[in-house]
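[1] coordinates only, sequence not included:
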């Protein structure tokens, strides 16, 4: 109770600051173009979330409070730092400030760039979409479980390494090599992690409506000496997944499209775990979602996802889940209100979850000099 009280006090304090923030943020953002590109800019936002579960206590949490510092030349060298603080999420990453991103991007020419530091490897469509601009309150459970480094200790799906991107136009090829243990985790001899992604995209206008689509394929390979995959693969024997040693291979296929006010996307994941000792594990998952913008600032969305931690075991805890969502973006202030309702079916029956999230940008692009 004391921890919850501290978290609630923090939430009230942050929201109090946010209530006075529109004029402050506008003042800070003024004159942003009067300085050199290499002077950093600051962006900060928070998400407060209420979750009601039919099988557990209700939860009020500070889902995210982020501070982002970035800058650099648009045609040569850019840098990015991102910090996060969370509270009352029942997570190992609560109540502590973490450095999420710290990287440099060097543009060698118009089609070739290099990225070095700590960041999300190029694997998965939804994982690359910013959490402040999703059509639902949060990302799919499938993405959280099967994307490289997701639910891996305190990694926040990040790793340290080097990525090369070749982007001549409609095609984009990305290749990265990373340490392989996830950030904020001890190395324990894990890695390296290799990730490659290729995608193709097109866009245009037809009968006054903008359209676009893209599709991609990604694969990863990692040597695991001691990795905890139990949070990724619930329902399996923890003695086999909590200290996994062996080969970790993953595949991701995605497609996304938009036609005027209608947009849709979907992904398929497959994970092959080949342990040094014991039976192989084949985990699968997929989701498909559609969103409709009936009027300005309103998003209505529907999603279905399915997940199986090991298709080779008949008793594995496979899950099928539907989620419906509604989002409203306020026009006068950088405030977003989102809610969604999920109903999941597993071997133990049905589970329901209702979430409400309030998001506010305190500062956007304030130049620090």
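    Thanks, I have the structure now. Quick caveat: nothing in here was measured; it's all calculated off a predicted structure.
[2] From the chain's centroid, how far away is the one helix or strand residue 164 maps to?
    Under the criterion of DSSP states H and E, residue 164 resides in strand 159-166. In terms of C-alpha atoms, centre = their mean, to the nearest Å, the centre of strand 159-166 is found 17 Å from the chain centre.
[3] Within the sheet, what are the partner strands of it, with directions?
    strand 112-119 (antiparallel), strand 171-178 (antiparallel) (DSSP bridges).
[4] So what sits opposite residue 344 in the bridge?
    Residues in beta-bridge contact with residue 344 (DSSP bridges): residue 321, residue 351.
[5] May I see the strands paired with strand 159-166 arranged in JSON lines, with mean neighbour count, distance to residue 215 and mean pLDDT as well?
    Placement of C-beta: from N, CA and C, glycine included. As requested, these are exported to JSON lines (neighbours: other C-beta atoms under 10 Å; distance: least, C-beta to C-beta, whole Å; pLDDT from 0 to 100):
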{"stretch": "strand 112-119", "mean neighbour count": "18", "distance to residue 215": "22", "mean pLDDT": "98"}
{"stretch": "strand 171-178", "mean neighbour count": "18", "distance to residue 215": "11", "mean pLDDT": "98"}
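[6] Which of the ones you listed sits closest to residue 230?
    strand 171-178 (21.4 Å; C-beta to C-beta).
[7] immediately after that closest one, which helix or strand?
    Next along from strand 171-178, by DSSP H and E: strand 193-206.
[8] Now that next one: buried residues?
    193-199 (16 or more other C-beta atoms under 10 Å).
[9] Kindly report the same for stretch 59-66.
    Quick answer for stretch 59-66 (16+ other C-beta under 10 Å): 61-66.
[10] Of those, which belong to strands?
    The members of the buried residues of stretch 59-66 that map onto strands under DSSP state E are 61-66.
[11] follow-up on the earlier one: I'd like the buried residues of strand 193-206 written out as JSON lines, with distance to residue 217 added.
    Output for these, formatted as JSON lines (distance: C-beta to C-beta, whole Å):
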{"residue": "193", "distance to residue 217": "18"}
{"residue": "194", "distance to residue 217": "15"}
{"residue": "195", "distance to residue 217": "12"}
{"residue": "196", "distance to residue 217": "9"}
{"residue": "197", "distance to residue 217": "7"}
{"residue": "198", "distance to residue 217": "6"}
{"residue": "199", "distance to residue 217": "8"}
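[12] right, and the strands paired with strand 159-166 - which one's nearest residue 86?
    Nearest of those (C-beta to C-beta): strand 112-119, 17.9 Å.
[13] what sits up against the following helix or strand past the closest one?
    Sequence-wise, the next helix or strand downstream of strand 112-119 (DSSP H and E) is helix 141-146. Here helix 141-146 makes contact (C-beta atoms under 8 Å, 6 or more residues apart in numbering) with 124, 126-127, 150-151, 231-234, 250, 252, 267, 269, 271, 283, 285-287, 305-307, 309, 319, 321.
[14] Mind checking which of the residues you listed land in strands?
    Among those, the members that lie in strands (by DSSP E) are 250, 252, 267, 269, 271, 283, 285-287, 305-307, 319, 321.
[15] rewinding a little: quick one: the strand holding residue 164 to strand 193-206, angle?
    Put simply, strand 159-166 runs at 50 degrees to strand 193-206, going by axes from the mean of the first three to the mean of the last three C-alpha atoms, to 10 degrees.
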